[in-house]
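>>> Build me a model from this:
(chains A and B)
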Amino acid sequence: MRRPLLLWFLLAALALVAFTLALMSGSLALSPATVLHALAGGEQADVVLRLRLPRALAAFGVGGALALAGALMQALLRNALAEPYLLGASGGAAIGALLAMLAGAALAWVNLGAAVGATAVMGLLMLLARRDFGDEIAPGGAVRLLLSGVALAAISGALVALILALAPEAQLRGMLFWLLGDLAGVDDSRAVWLALLAAFLIAYPCARSLNVLARGDALAASLGVNVRALRLTAFGAASLATAAAVATAGTVGFVGLVAPHLVRLVSGNDQRVLLPACVLTGGSLLLLADTLARTVAAPLQLPTGAVMSLVGAPLFLALLWRDAHG
Amino acid sequence: MAEAAPGAALLEVRGLALSAGARTLVQGFDWHAQAGEFWCVLGPNGAGKTTLLRALAGLAPPQRGEVRSGGKALIDWPRRDLAHLRGFVAQHANDPFDARVLETALIGRHPHLDPWAWESAADVAAARAALKRVALEGYEQRSVKTLSGGERQRVSLATLLLQDPRICLLDEPTSHQDVAQQALVSRLLRDLADEGRLVVAVLHDINLAAHFATHVLLLDGAGAVSAGPVAQTLSVENLARIYRHPMQAAGEAGRAWFFPQL
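Model prediction:
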């Protein structure tokens, strides 16, 4: 199997380029050589190691986690439009984070609030849809799961709107940035990297089973796949990655939906190839978007999530239509 | 997996009851079938043919009774062993994401591969052979989304061939096939039985059943099931009873053609 190795290698090279660009760019432009020196503790170590590297690591970790979660959700729900937030994670996280902001809590508590909110909504969904997880083949199970998620997301969205309406003026800007997805001020990405690693280690051994599940519950069950356990595992891994990502950077959109599709254009839908490739692609995309967000209008910092969609969506459209016409 | 003794049932049903909502489809059904037999399931729309097939595959637990093989209820079989024992081809294939034909056929190797293994060159060669057997040679690199309904159905059949189970359960494998492919698929199913497998297929074409199957299962949709060799069970009287429509036959006994009276 040569092709996935080549693809993974190219994507790893892309990640390296993204990291180099991120460490070079900023109010003080550095050459690649200076960046290397700085990484070794030389000149400009403060800027590179204290300011740029932590943020770059956070961006890559969040992007990778969201892309992995997106790929898992798409396989789980057998739906190309599935993304990490589809089942209500973003709404839950937003409620938790905004409530913490409303209470005037510190950033750490806001992050914790987001993680708790996301986990709570996904747990609630799992409870509601336990029949679809529990029954080997509940007809229409995937659709009901999806619609339940959409309904929960609507409730969360309404609650978020209420919080925004009632919040004092002074806090609105911070809340808005959080909702748009923002990496400014993030200096600790250990949680998201740990979650990403754990989710990947949970999901990757199931990759071939996910290939089978993508072709229908009955076929999967008749080929020896434990459909219920697999759904729970995939949903659990996706939830973990999503909760950690929103807790770190707020609700960064688009990357979780699109990174898997970008990879699919090149690699097909074999989850064994797709899952690692998604982590690398999603991480690189968000890191590039974040570098752009903090440099393009400097000294103004734009919200990372907005830049991600603004630059990523046209690029994705171009690739999609090139493929359709070609 | 222990070989069953000659003549012993490969698949056995005891006191099976199936229902859909308040409707009883099958009741008190006892049945057994051996390797080498090709059973064709016939019955009117909504009679429970698919439900019965899923129960026989161990995919849906029956309301009452049990489905057994090798002296053990299917629900007690380890999943992987069960995937070696029986394969199931659903009526409709599901392709939310695009994939190549070869890749889709190779899905059938899943229960034969170790958890970390990738498909080997031998698996790929087997997949090419299976595609050839269902008349899809040269389709390997085609996208499944570009296939016609009948072609996609035959990819599912190739997936089953690669799964290589001893019991093959198929839900309307000929429904989207043209007349030539109906004959090809029916002949293939008979060959699978002659190779020493048990084949149970839902078909809508009585004459395909009459010419290729060894046995028939007739469902009337009201709880009763008639099961037996084609020569005895597939009769004008039985067909008229289950379809609730007058039937007629042409040709000599044993090679008869059946028609509904119009």
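
>>> roughly how far apart are residue B:10 and chain A?
16 Å (C-beta to the nearest C-beta, to the nearest Å). Yep, even glycine has a C-beta here, placed from its N, CA and C like the rest.

>>> so that residue sits right up against residue B:167, yeah?
Yes: counting by C-beta atoms under 8 Å, residue B:10 does reach residue B:167; the two are 6.2 Å apart.

>>> give me the element residue B:87 is part of.
strand B:86-89 (DSSP states H and E).

>>> Centre of the chain to stretch A:6-18, how far?
19 Å (C-alpha atoms, centre = their mean, to the nearest Å).

>>> in chain B, what residue sits furthest out from the centroid?
residue B:116 (30.3 Å; C-alpha atoms, centre = their mean).

>>> need the contact list for that residue.
Counting by C-beta atoms under 8 Å, 6 or more residues apart in numbering or on different chains, residue B:116 touches residue A:205.

>>> if I pick residue B:43, what's in contact with it?
Per C-beta under 8 Å, 6+ apart, neighbours of residue B:43: B:49, B:218, B:219, B:220, B:221, B:242.

>>> partner residues bridging the second one?
Put plainly, it is residue B:218. residue B:42, residue B:226 (DSSP bridges).

>>> pretty sure it is touching residue B:240, no?
No: Residue B:218 lies out of contact with residue B:240 (C-beta under 8 Å); the separation is 11.0 Å.

>>> I'd guess residue B:39 is in a helix, am I close?
No: counting by DSSP: H, G, I helix; E, B strand; the rest coil, residue B:39 is not found in a helix; it is strand.

>>> Just give me the neighbour total for it.
Using other C-beta atoms under 10 Å in any protein chain shown, residue B:39 has 24 other residues around it.

>>> Distance of it relative to chain A?
18 Å.

>>> close enough to count as contact, that residue and residue B:200?
Yes: if you go by C-beta under 8 Å, residue B:39 and residue B:200 touch, sitting 4.5 Å apart.

>>> Checking the strand holding residue B:87 against chain A, do any of its residues make contact.
Yes: legend: contact between strand B:86-89 and chain A by C-beta under 8 Å from any C-beta of the partner chain is shown at B:86, B:87, B:88.

>>> got the CA coordinates for the very next helix or strand once past that strand in CSV?
Downstream of strand B:86-89, the next assigned helix or strand under DSSP H and E is helix B:101-106. Only the C-alpha atoms of helix B:101-106 are listed here, as CSV (Å, rounded to 0.1, in the frame of the first residue of the first chain):
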residue,chain,number,x,y,z
VAL,B,101,-16.3,-0.9,-7.9
LEU,B,102,-13.3,-2.9,-6.9
GLU,B,103,-13.1,-1.3,-3.5
THR,B,104,-16.8,-1.9,-2.9
ALA,B,105,-16.5,-5.6,-3.7
LEU,B,106,-13.5,-5.9,-1.4
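
>>> Show residues contacting helix B:101-106.
A:215, A:268, A:270, B:95, B:119, B:123-124, B:127-128, B:130-131, B:136, B:139-144, B:147, B:155, B:158-159, B:162.

>>> which bits of chain A sit near chain B?
Checking chain A against chain B by C-beta under 8 Å from any C-beta, the hits are A:1, A:74, A:78-80, A:136-137, A:205, A:208-209, A:211-212, A:214-216, A:218-219, A:221-226, A:264, A:268-270, A:272.

>>> Not counting sequence-adjacent ones, nearest residue to whichever residue of the stretch 151-262 of chain B sits closest to chain A?
Relative to chain A, the nearest point of the stretch 151-262 of chain B is residue B:163 (6.5 Å; C-beta to the nearest C-beta). Residue nearest to residue B:163 in three dimensions, not counting chain neighbours: residue B:108, with 4.0 Å by C-beta to C-beta, 6 or more residues apart in numbering or on different chains.

>>> Touching, the one you found and residue B:162? I think so.
Yes: under the contact definition of C-beta under 8 Å, residue B:108 touches residue B:162, with a separation of 3.2 Å.

>>> which neighbours do these two share?
residue B:130.

>>> Could you list the low-pLDDT ranges of the chain?
All of this refers to chain A. A:1-3, A:132-142, A:323-326 (pLDDT under 70).

>>> nope, chain B
B:1-7, B:253-254.

>>> again, 50 this time
B:1-4 (pLDDT under 50).

>>> That one against chain A: which residues are in contact?
Residues of chain B lying near chain A (C-beta under 8 Å from any C-beta): B:54, B:57, B:59-60, B:79-80, B:82-83, B:86-88, B:90, B:93-100, B:103-104, B:107-108, B:110-111, B:113, B:115-116, B:118, B:159, B:163.

>>> picking that back up, how many other residues sit next to the residue nearest to residue B:163?
Neighbour tally, residue B:108, other C-beta under 10 Å: 28.

>>> Quick check, residue B:210 in contact with residue B:233.
No: Residue B:210 is not in contact with residue B:233 according to C-beta under 8 Å; the separation is 10.7 Å.

>>> Looking at those two, which is more packed in?
residue B:210 (21 against 16).

>>> related to what we said a few turns ago, now list whatever residues contact both of residue B:10 and residue B:167.
With C-beta under 8 Å, 6+ apart, residue B:10 and residue B:167 have common neighbours B:69, B:198.

>>> which residue is nearest the middle of the chain?
If you meant another chain, say so; for now it's chain A. Central residue of chain A (C-alpha atoms, centre = their mean): residue A:66, at 1.4 Å.

>>> wait, I meant chain B there
Note: chain B centre (C-alpha atoms, centre = their mean) maps to residue B:170, 2.4 Å.

>>> so how far is the host helix or strand of it off the chain centroid?
Residue B:170 belongs to strand B:167-171 when assigned by DSSP H and E. Relative to its chain's centre, strand B:167-171 lies at 2 Å (C-alpha atoms, centre = their mean).

>>> cool, stretch A:53-60 as well?
That offset, for stretch A:53-60, works out to 14 Å (C-alpha atoms, centre = their mean).

>>> What about the closest residue to chain A within the stretch 51-200 of chain B, how many residues nearby?
Closest to chain A within the stretch 51-200 of chain B is residue B:83: 3.2 Å, counting by C-beta to the nearest C-beta. Residue B:83 has 22 neighbours, counted by other C-beta under 10 Å.

>>> Many thanks, I have nothing further to ask.
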